[in-house]
Every structure is written in structure tokens, then in C-alpha cells.
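[1] only geometry, no sequence info:
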């Protein structure tokens, strides 16, 4: 529970943005996120506009998500080992080529299999910018309240690109050209990524290189030029494994080489502490994918197509408002308890959308749903960050986004099938399932934490 003492409305955010360069990389990161919210929709509009086949368009969009799920975390893993700048440059170049390949294959009417290949590459070359900016915050701020506030800003950025990006893409595709609708998100993402590349001072160091640099001898410990090396005693020689010299001059000087840093392969198991959180983020993705599509269907079925914008805006308003307020609260309970409690509350609120008949009341329920969504995402990301090895932080923060992307695609696909076969409201069935998955994960998290605490207490009493 939050403690009674909370900072003033703006002080918490003023403190974190006082860090040099922080505002610049937050803005750049917001634009860099844009492809995540626009590429799938842009590809649907591009292919549907060229062929009129929405089933084919949905299949190609799914290939983007598959590429993101399979290859996206590898970019973040590479950043942990080689640094953000080099990997971002490679990823942005590859993403540009993949985007041109997809647009060219569709407009040139190349074989359909090339569309799927290009879409897979578009997803596979998309670097998760949210994990890039979160890693920068983690490097700049100590654990605690300030980092919690910074992660709240990141969650608001995640939410807002999904509010702004899709409508912009849809309007451009309808009013100008589907190619422009697809390309605008890609171009904005590349621009944001390049801006991050140029911001060197906030880039986190490669953790393993930093450790080696700290362990290397400094200028103060090196023997100055022209001064003889200190004599080696027999004891020192014995401790290093060298045979003592009977002449008393000591063993020949030996320069030890620093051990080579073994570069782990890119293909390896998930960072410890991440796997258990993925079902939770997958469930949130199911909710995201189904609730947006179903809200549009419900508004159309009610004869009020314009109400779809109202419904989605209410959900987004709740999410953004909750993120801004939640970032200012001070908590005394550990992250694992916050995640469990937020997940259970999420599972209690979200299913209500399936039983509300009136569009206006549905908007109010969606507002409440948004209020319980962002605290869950902020707490979940904070839990992941607190559990993982700092040397794999960027990769670890990518996996939740990947799980949500998979959930969004699966949720929208299944909801669409139900809506076509049954009714417009039937898509909310997927919303309920996703919320229940999140709730079960929350109960498991709380039960595991309780069992662990009781075990520690028993050990303390035994001592």
C-alpha cells in the first residue's frame, strides 16, 4: 500500500527529468516506439487496399508479429553484449530495408510468399525501443522511487503510441495512400532510433566491459617508466606458482594477460526471473487485442460508429491518467506483492465489459479498466527489472513486450472470428479469458511470495 507521504504533483517528474539528457531520450524513444503500434495495422491497410482480401492481409500482419516474437529479443540481447549504439544502427538499417522490401513486393505484385517473407523480416528487424529507454533509466537512476516514476513515464509512452499511431495511419491510408499509411510509422520509428543513437551520454555501458575496466590496473598502480620493477620475494613467487630464483634476484617478470571475455551465444535460455511473468503479459495482450476490435464492433452494431472513438479514448484516458498518478506514489510493499494485487484487481474489473449493454456505460467501464491496466504494467516491468542480471537487462525488458505483441495478435484474431460467427459483443469473451489469465498469474505470484516468506520465517525461528 502507498504510504501517506507522497510528493507534490510535479516534484517526482521534475526530479527525474533533471537528469541531463533524460527528456531528449524519452522524446526520441516515444517516436522510436511508433512502429510497434502501426506496422501491423499499416500492413493490413496496405495489402487490403491492393487486393481487397482482408484474410490475406491479416495473415501477413501475423507474420510481422511472428518475426518480432522470434527475432526481436535477439536485438536486445545483442545490445546487452555489444552496446546500444552499434546494434541500433544495424537494426535501423535492416528495418529500413525490410520495410522497403514489403512495400515493393506488394506494389510490384510479386508472388504472395514474398509478402510473408518481407513481413517476417519487418517484424524480425524491429528493435524494442521501450527496453532501450528503460535500460537508460536503470543506468541513470538508483533503485527506488525515482526509477519507479521513470518506468511510469515509459508505460505512459507505451500506451500513448497505441492511442495516437493507429488513427494517424488509418487516416493517411484512407485519405492519401496505403503506402503512406504504412510508411509513416516506419519513418517515425527510424527517426526516433537515430536520435537515440546520437545521444551517447545516456547510453548504458556494456556491463561486462565495465567490470573488466574496473578490474584492470589503473595508472596509479602501474610502475612509472624508468623505475625498476619491485623485487619478487620467494613468498610472492610461490603464491603465483613461479619457482624461486636461488640467486635472490627473484623470478623473471611475468605479465599476466587479462582473461578473454567469453561472449555467450545469442541463442540461449531466457534471463532468470523472466519466464514466470510472460503468461501475465500474454494475458494483457489478449485483452488489448480483443477489446479494441470488439469496442469498434459494438459501436457499429449499436448504429453509432462514431462511438468507437469515444470508447477507445476512454480506455486510453484511464490508462494514461493512472500511469501519471501511479508514478508519484511511494510504496512500502515489495514489487512482487504489487504485481499480484494489481493482477487480481485487473481480473475483477475487466470482465465487467462483457455484461454492460449500454455504450455510454461501457465507456465508463473502459475508463475504469484503463485505470487498473497501467499500474499492472508498471509493476510488472519493475518486477522483471528487480529480478534479472543487470548484464541482460535490455533483453529481459524486451520479453514482456514480445509476449504482449503475441497476445494482441492472437486476441484480435480470435475475437474477429467470434464476432463474424456470433455477434459483435462475443469478442469480449477473449477479453474475459485474458483478464482471468492475468488474475490466475497474480494469485500464483502472491501464493509463491507467501510460501517463500513463511519458509524464511521458519528458518529464522529455527536459528
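    Okay, I see it. For clarity, every value in this text was computed on a predicted model and none was experimentally measured. Numbers count the residues shown, from 1 in each chain.

[2] Buried residues in the lengthiest helix in the chain, which are they?
    Determined from DSSP state H, the single longest helix within the chain is helix 428-462. Judged by neighbour count (16 or more other CB atoms under 10 Å), helix 428-462 contains these buried residues: 428-442, 445-446. In this view, the C-beta of every residue, glycine as well, is placed from N, C-alpha and C.

[3] what's the answer for stretch 386-405, then?
    Buried residues in stretch 386-405 (16+ other CB under 10 Å): 387-388, 391-405.

[4] Can you report the mean pLDDT over the residues of stretch 39-50?
    Averaging pLDDT along stretch 39-50 yields 81.

[5] now stretch 70-87, how far from the centre of its chain.
    Relative to the chain's own centre, stretch 70-87 is displaced by 13 Å; criterion: CA atoms, centre = their mean, to the nearest Å.

[6] residue ranges with poor pLDDT in the stretch 351-463 of the chain?
    Within the stretch 351-463 of the chain, the stretches with pLDDT under 70 are 389-391, 393-394, 454-463.

[7] Which ones among the buried residues of stretch 386-405 map onto helices?
    Filtering the buried residues of stretch 386-405 for helices - DSSP H - leaves 387, 393-405.

[8] per-domain residue ranges of this structure.
    1-204, 274-463 (automatic domain parsing).

[9] isn't residue 37 right next to residue 168, touching?
    No. With contact defined as CB atoms under 8 Å, residue 37 does not reach residue 168; the gap is 9.6 Å.

[10] When those two are compared, which one has more neighbours?
    Neighbours per residue (other CB atoms under 10 Å) separate residue 37 from residue 168, with residue 37 holding more: 23 against 16.

[11] For that one, give me phi and psi.
    phi -100, psi -10 (degrees, to the nearest 10).

[12] again with residue 331
    phi -120, psi 140.

[13] In the sheet, which residues pair with it? Tell me.
    residue 2 (DSSP bridges).

[14] What is the distance between the helix or strand hosting residue 88 and the centre of its chain?
    Element membership of residue 88, judged by DSSP states H and E, is helix 84-107. Centroid separation between helix 84-107 and its chain, computed with CA atoms, centre = their mean, is 20 Å.

[15] Show the secondary-structure elements that that helix is packed against.
    Here helix 84-107 touches helix 22-51, helix 54-82, helix 112-124, helix 129-140, helix 178-198, going by 3 or more CB pairs under 8 Å, 6 or more residues apart in numbering; DSSP states H and E.

[16] Which neighbouring elements make contact with the last one?
    Here helix 178-198 touches helix 22-51, helix 84-107, helix 129-140, helix 145-175, going by 3+ CB pairs under 8 Å, 6+ apart.

[17] Quick one: distance of that helix to the chain centre.
    Taking mean C-alpha positions (CA atoms, centre = their mean), helix 178-198 and its chain are 18 Å apart.

[18] swap in the second one?
    On the basis of CA atoms, centre = their mean, helix 54-82 sits 13 Å off its chain's mean C-alpha point.

[19] buried sites along it?
    56-69, 71-73, 75-81.

[20] by how many degrees do it and helix 129-140 diverge?
    20 degrees (axes from the mean of the first three to the mean of the last three CA atoms, to 10 degrees).

[21] helices and strands around helix 54-82, which ones?
    helix 22-51, helix 84-107, helix 112-124, helix 129-140, helix 393-421.

[22] pLDDT weak spots in the chain?
    1-10, 54, 163, 167, 170, 207-273, 306, 389-391, 393-394, 454-463.

[23] Not counting stretch 157-168 itself, show me its contacts.
    Residues from elsewhere that reach stretch 157-168 (CB atoms under 8 Å, 6 or more residues apart in numbering): 26, 29-30, 33-34, 36-38, 41, 130, 133, 184-185, 288, 312-313, 316, 319-320, 323, 373-374, 377, 401.

[24] for the residue nearest to residue 297 when sequence neighbours are not counted, what are its contacts?
    Closest residue to residue 297 apart from its sequence neighbours, by CB to CB, 6 or more residues apart in numbering: residue 424 at 3.7 Å. Neighbouring residues of residue 424 by CB under 8 Å, 6+ apart: 294, 297-298, 300-301.

[25] Can you flag which of those residues belong to helices?
    294, 297-298, 300-301.

[26] Now restrict these to buried residues only.
    Of these, these count as buried by 16+ other CB under 10 Å: 294, 297-298.

[27] of all the residues you listed, which comes closest to residue 328?
    residue 294 (32.5 Å; CB to CB).

[28] The closest one touches residue 427, doesn't it?
    Yes. Counting by CB under 8 Å, residue 294 sits close enough to residue 427 to count as a contact (3.2 Å).

[29] what sits in contact with each of those two?
    415, 419.

[30] Mind listing what's buried along the host helix or strand of residue 369?
    Here residue 369 sits within helix 359-387, counting by DSSP H and E. Of the residues in helix 359-387, 359, 362-363, 365-385, 387 count as buried by neighbour count, 16+ other CB under 10 Å.
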